[in-house]
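**Student:** take a look and give me a structure for this.
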Amino acid sequence: MFLPEPHPAIRPLPKLRIGVIGTGFIVRECHLVAYQRAGIEICGIVGRDQEKAKKIASQFAIPLVANSVDELLAKAKPDILDIAVPPLIQPSVIESAVMFPHLKGILAQKPLAMSFVEASRLVKLCQKSGKVLSVNQNMRFDPSVYAQRQILNQGLLGDPVLATIDMRAVPHWMEWAKGMRSLSTWIMSIHHLDTFRFWLGTPDRVFASFRKDPRTEFDHVDGINLYILEYENGSRASAWDDVWAGPVKEGGAPSCGIHWRFEGTKGVAKGTIGWPDWPKHMPSSLEYSCLSHPGHWIRPKWGVAWFPDAFIWPMADLMEAIDRGSSPFASGMDNLATIALLEAVLESGTTHTVTTPQSWLNGL
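**Tutor:** Just a heads-up that it's a prediction; the model follows:
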C-alpha cells in the first residue's frame, strides 16, 4: 500500500549561513521556529523596529542585530538572505542584496512583486548577478498538498478531471495591504493558484469573479475571489476564496476551514488545510481512494503542520540547490508563471472576460 510522505526527508543540510530581513509574525512564529528545529544557522537579523529585532535575536540566539540591510550583508556575510517584508518594499531589498558578491542565494517572500513586469525584472536581475532566487510559496510544503503531488506523480488517481479548493477563513490584513492594486489575489489566492500550478501546471484559460469583503473597511477590488482554471487536456480547477466566511468575527457561530478535493479517472483524494486553527497546532489531513485499492480510503497521518513546520522546506530546498548547483524547487523563474496567473485572475475578475496567463509569459 502506498503511503505518501508529507514532504522530502531532511538530509544533513549544507553549512550555509542565513541572514533574515523582517521581524513580523511570519518570521517570529514560523521561519525562525522552523529553522531552529532544523539546526540552520542564523547569523543576523534586521527590521524596522530595532527593539523587536533585539527581542527576537535574544529569543533565537542570533548574534547580530543590524541597523540596515547593507550592514547585515556587510557584517554578518550571510550566504543566503531570507526576506520577509511587504511586496512593495521587497524589490529594493533584492536590488541592494545582489550587489554583495559573497551572497549566494535569496529566499524572497511571496508575492515576489506586485506585477509581472516587476517580478520578471527581479528574476533577470538575480540571474545576471549569479544569485539563486527562490520564492517562499510555502503552501506547496503543507503536508497534504505535498503528499497529493506525490500521489499524482505515482499515477494513482489516473488522468486529472477536477480539482477544487473551498476556503472559508478570515485573514488578518496587514497595514501594508491598504492601497495596493490587489488584495485577495496577491495575498490570499496566491496560495491556492500556486497549489493548482503545483498539481496541474499552468492553466490555459481563466475566468474569475470578485466581490468586496463586507468586513474589510478600506477600499479594495478583490475581496471574495471565485475562479475557474481551464486546461487543454480537459481538466478543470476551481476555488472559492471566501475571506468573509459569514459574520464569525461579529458574534456569529464559527464556520471556518479549508477543504480541497481532487478527482481523477482512477481515484479521488480529499483533504483539509490546518492553518485557520492557528495558533492551535493543527496538522492538515488527506485521504484518498483509488482503483488499485478498491473500496478503501487510505489515510496517511503525520504530526507536522503548515504553520510552522512546512517553513523549513523552502529554505532547505534553496540551500540544497545552492550546494548542488541546481535550480530550486520554487525558483524565481518558475514563480513567474504564478505571477502571470495572478495577473490573469485579476484581469478576468475586473473585466469579466476570459483571460490567459500565457499572454504575460509570451514576453519572457
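**Student:** now do the contacts for Ala177.
**Tutor:** 183, 187 (Cβ atoms under 8 Å, 6 or more residues apart in numbering). The C-beta positions use only the backbone N, C-alpha and C, and glycine is treated the same way.
**Student:** any idea how far Ser129 is from it?
**Tutor:** 30 Å (Cβ to Cβ, to the nearest Å).
**Student:** try Gly271
**Tutor:** 40 Å.
**Student:** between those two, tell me which one has more neighbours.
**Tutor:** Using other Cβ atoms under 10 Å, the more surrounded residue of Gly271 and Ser129 is Gly271, with 23 against 17.
**Student:** what does the pLDDT read for the more buried one?
**Tutor:** At Gly271, the model reports a pLDDT of 97.
**Student:** alpha carbons of the helix or strand containing it, as CSV, please.
**Tutor:** Gly271 belongs to strand 267-273 when elements are defined using DSSP states H and E. The C-alpha coordinates for strand 267-273 follow below in CSV (Å, rounded to 0.1, in the frame of the first residue of the first chain):
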residue,chain,number,x,y,z
GLY,A,267,-9.4,7.7,-7.9
VAL,A,268,-10.3,10.6,-5.6
ALA,A,269,-8.2,12.5,-3.0
LYS,A,270,-9.5,15.0,-0.5
GLY,A,271,-8.1,16.9,2.5
THR,A,272,-8.1,19.8,4.8
ILE,A,273,-5.6,22.6,5.5
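**Student:** ok, then the element right after it?
**Tutor:** Of the helices and strands lying after strand 267-273 in sequence (DSSP H and E), the nearest is strand 285-290.
**Student:** wait, Ser331 sits on Leu133?
**Tutor:** Yes. The pair Ser331 / Leu133 is scored as a contact, 6.6 Å apart, by Cβ atoms under 8 Å.
**Student:** okay, and the beta partners of the closest residue to Cys290 other than its chain neighbours?
**Tutor:** Spatially, and ignoring its direct neighbours in sequence, Cys290 is nearest to Gly267 (3.1 Å; Cβ to Cβ, 6 or more residues apart in numbering). Assessed by DSSP bridges, Gly267 has beta-bridge partners Gly264, Cys290.
**Student:** count of residues packed around Gly267?
**Tutor:** Around Gly267 there are 20 other residues, counting by other Cβ under 10 Å.
**Student:** that one reaches Pro160, doesn't it?
**Tutor:** No. With contact defined as Cβ under 8 Å, Gly267 does not count as touching Pro160 (10.7 Å).
**Student:** and the strand holding Gly271, what does it pack against?
**Tutor:** Packed against strand 267-273, as judged by 3 or more Cβ pairs under 8 Å, 6 or more residues apart in numbering; DSSP states H and E, are the following elements: helix 143-153, strand 257-264, strand 285-290.
**Student:** nearest to Trp302, out of those?
**Tutor:** Nearest to Trp302, of all the helices and strands packed on strand 267-273, is helix 143-153, at 5.2 Å by Cβ to Cβ.
**Student:** would you mind writing the CA trace of that closest one as CSV?
**Tutor:** What follows is helix 143-153 as a C-alpha-only set of coordinates in CSV (Å, rounded to 0.1, in the frame of the first residue of the first chain):
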residue,chain,number,x,y,z
PRO,A,143,1.9,18.1,4.3
SER,A,144,-1.4,17.3,2.5
VAL,A,145,-0.5,19.5,-0.5
TYR,A,146,2.9,17.9,-1.0
ALA,A,147,1.6,14.4,-0.4
GLN,A,148,-1.1,15.0,-3.0
ARG,A,149,1.7,15.9,-5.5
GLN,A,150,3.4,12.6,-4.7
ILE,A,151,0.1,10.7,-5.3
LEU,A,152,-0.3,12.4,-8.7
ASN,A,153,3.3,11.6,-9.6
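**Student:** past it, which element shows up next along the chain?
**Tutor:** Criterion used, DSSP H and E; the element after helix 143-153 is strand 160-168.
**Student:** averaged pLDDT, that next one. What do you get?
**Tutor:** Mean per-residue pLDDT for strand 160-168: 98.
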